[in-house]
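Engineer: Sequence first, predicted coordinates after that:
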Amino acid sequence: LRAELPELRFARFDRDTVTSPKRLTETLARFAHGDIDCLIGTQMLVKGHHFPNVALVGVINADLGISLPDFRAGERWWQQMTQVIGRTGRGEVPGHVIVQTLDPEAPWLSRLGEHRAREVLDQELALRRSLQYPPFSRWVRVVFSAVRAEAAEAAAGRLAESLHRSLPEIAVTGPMPCAIERLGGRFRFELILRDDARRHLPWRLAPWLARLPVAAGVRRRVDVDPQDMM
């Protein structure tokens, strides 16, 4: 952007550059006062900022947000896109939004904006009902991590075998690598436990976890009604 538009002043706004509350406040103040013409950043820019002089918002690689391996990705993506669209045109100057996409005919492009909220939410709810996704079923996510991938996978496999054998009412998916397979130097494998009747999870799971301690060097994290599938 500096090469193409040398007359404009740019600043980054992400976790790598905004490293403290003071830095955040200073950057936003410079932008509000007109010392910066354009902020380039992550979803940190989406929420809670009111700048009446913003007339243009650009979204790069918009398809990435809706293709994440999380059943809530569509809902969250719509929320973020609607919020970022709301950053422009808040003053007397009309606002414009440019969205970069590999599929300009995609239906989701026509559903952006708060005026489509009821339609979007009804569609999401109908999809989850048909697939028996939460809130129509109870899910528990169990993540095993270890320095060695084999150790994490083996621990997850032992729990899966035990549940298949002793609690057939619970559907078990996995073990499988997490969407972010390695984090903090540790390999991660997960089980997704599903209770369509909502009568068994999580209370019947606790005794089995107590009887199946993990091996040394393996960590186990249990997330009931997980809000993050990554």
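Structural biologist: Thanks, I have it. Numbers count the residues shown, from 1 in each chain.
Engineer: quick one: buried residues of stretch 7-18?
Structural biologist: 11, 13, 18 (16 or more other C-beta atoms under 10 Å). For glycine as for every other residue, the C-beta is placed from the backbone atoms N, C-alpha and C.
Engineer: list the buried ones in the longest helix along the chain?
Structural biologist: Counting residues, the longest helix in the chain under DSSP state H turns out to be helix 149-166. Using 16+ other C-beta under 10 Å as the burial criterion, the residues of helix 149-166 that qualify are 149, 151-156, 159-160, 163.
Engineer: Which one of the buried residues of stretch 7-18 is nearest to Pro175?
Structural biologist: Val18 (37.4 Å; C-beta to C-beta).
Engineer: Neighbours of the residue nearest to that closest one when sequence neighbours are not counted, how many?
Structural biologist: Residue nearest to Val18 in three dimensions, not counting chain neighbours: Leu24, with 4.7 Å by C-beta to C-beta, 6 or more residues apart in numbering. Look at Leu24: counted by other C-beta atoms under 10 Å, it has 14 neighbours.
Engineer: Over to the one 3 residues further on?
Structural biologist: Around Thr27 sit 19 other residues, with neighbours defined as other C-beta under 10 Å.
Engineer: That one and Pro226: what is the separation?
Structural biologist: 33 Å (C-beta to C-beta, to the nearest Å).
Engineer: Dump the buried residues of stretch 7-18 to TSV, plus secondary structure, pLDDT and distance to Pro134.
Structural biologist: Shown next, in TSV, are these (DSSP: H, G, I helix; E, B strand; the rest coil; pLDDT from 0 to 100; distance: C-beta to C-beta, whole Å):
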residue	secondary structure	pLDDT	distance to Pro134
Ala11	strand	88	40
Phe13	strand	84	33
Val18	coil	81	33
